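Peer 1: The following comprises the amino acid sequence and a computationally predicted model.
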Amino acid sequence: RKEVEQDPGPFNVPEGATVAFNCTYSNSASQSFFWYRQDCRKEPKLLMSVYSSGNEDGRFTAQLNRASQYISLLIRDSKLSDSATYLCVVNMRGGGADGLTFGKGTHLIIQP
Amino acid sequence: GAVVSQHPSRVICKSGTSVKIECRSLDFQATTMFWYRQFPKQSLMLMATSNEGSKATYEQGVEKDKFLINHASLTLSTLTVTSAHPEDSSFYICSADIEGGETQYFGPGTRLLVL
């Protein structure tokens, strides 16, 4: 079983729509969770951390379900600039920054 | 946010040569830096954890004698791909964490093409 699993997509979504994708992780002892965004041929950039209580940053909402070991990302009112690959990232080794485990990413295409 | 730089951004070399990639934290001190590799359409894979002043910790399956890591200062870590072969062609990305921080800041990556 893969450690961090995501639907690779692509998700083709019209501009202005709401899109959501999930990610599952295998290690129940994982402590920290993140969504990163990676544009084509670029490095990953932190989009947001994911907290147990759920958190929102503008049009983006992240949720964590520890019981089911999945993380979700919701994007409202999608923009053309949201087109990218979204990486689910888990720190499986306890608190503090340590080697991160990445999912393969979900490719999102926002269409005009 | 914290800034991490990498040099060079891309390199093309002949098979059998060695390539050195530098990773610098520009506005903070990084006791720990990480080296990742990403093949096309694949996820980033952690290769090794680089600790300032001590030996790097390599992930399973990563040859320490082939991928030499040096972390001589709190702002610089280097990865040397020795005797590079075409299968080493990949996108190499470093990252650094701020002490006490929860996540990592990534450099812009280095594209290596071995002919």
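Peer 2: Yes, it's here.
Peer 1: B:I69 contacts B:C23, correct?
Peer 2: No: counting by CB atoms under 8 Å, B:I69 stays clear of B:C23, with 9.7 Å between them. In short, each C-beta sits where N, CA and C put it, glycine included.
Peer 1: Spit out the residues that contact those two alike.
Peer 2: B:W35, B:S77, B:T78, B:L79 (CB atoms under 8 Å, 6 or more residues apart in numbering or on different chains).
Peer 1: Just name the shakiest helix or strand of chain A by mean pLDDT.
Peer 2: Among the helices and strands of chain A, strand A:101-102 carries the lowest confidence by mean pLDDT, DSSP states H and E, at a mean of 88.
Peer 1: Ok, chain B next?
Peer 2: strand B:104-106 (a mean of 86).
Peer 1: send the alpha carbons of the helix or strand just after that strand over as CSV?
Peer 2: The helix or strand immediately downstream of strand B:104-106 is strand B:110-114, counting by DSSP states H and E. In CSV, the C-alpha atoms belonging to strand B:110-114 read as follows (Å, rounded to 0.1, in the frame of the first residue of the first chain):
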residue,chain,number,x,y,z
THR,B,110,18.1,21.5,-10.4
ARG,B,111,17.4,19.6,-13.7
LEU,B,112,20.1,17.1,-14.4
LEU,B,113,20.4,15.5,-17.8
VAL,B,114,23.1,12.9,-18.2
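Peer 1: Provide the contact partners of strand B:110-114 at residue level.
Peer 2: A:41, B:6-15, B:19, B:21, B:81, B:84-93.
Peer 1: before we move on, the earlier item: which of B:I69 and B:C23 has more neighbours?
Peer 2: B:C23 (28 against 24; other CB atoms under 10 Å in any protein chain shown).
Peer 1: Could you give the residue of chain B that lies closest to chain A?
Peer 2: B:D97 (3.3 Å; CB to the nearest CB).
Peer 1: Any figure for the gap between that residue and B:F28?
Peer 2: Remark: distance between B:D97 and B:F28 (CB to CB, to the nearest Å) = 10 Å.
Peer 1: Of the two, which one has the most company?
Peer 2: Remark: of B:D97 and B:F28, B:D97 carries more neighbours, 22 against 17, as counted by other CB under 10 Å.
Peer 1: Contacts only, for the residue most central in space within chain B.
Peer 2: The residue lying closest to the centre of chain B (CA atoms, centre = their mean) is B:W35, at 3.6 Å. Going by CB under 8 Å, 6+ apart, B:W35 touches B:C23, B:L46, B:M47, B:A48, B:S50, B:F67, B:I69, B:S77, B:L79, B:Y92, B:I93, B:C94.
Peer 1: quick one: low-confidence ranges for chain A?
Peer 2: By pLDDT under 70, the low-scoring segments of chain A are A:1-2, A:93-98.
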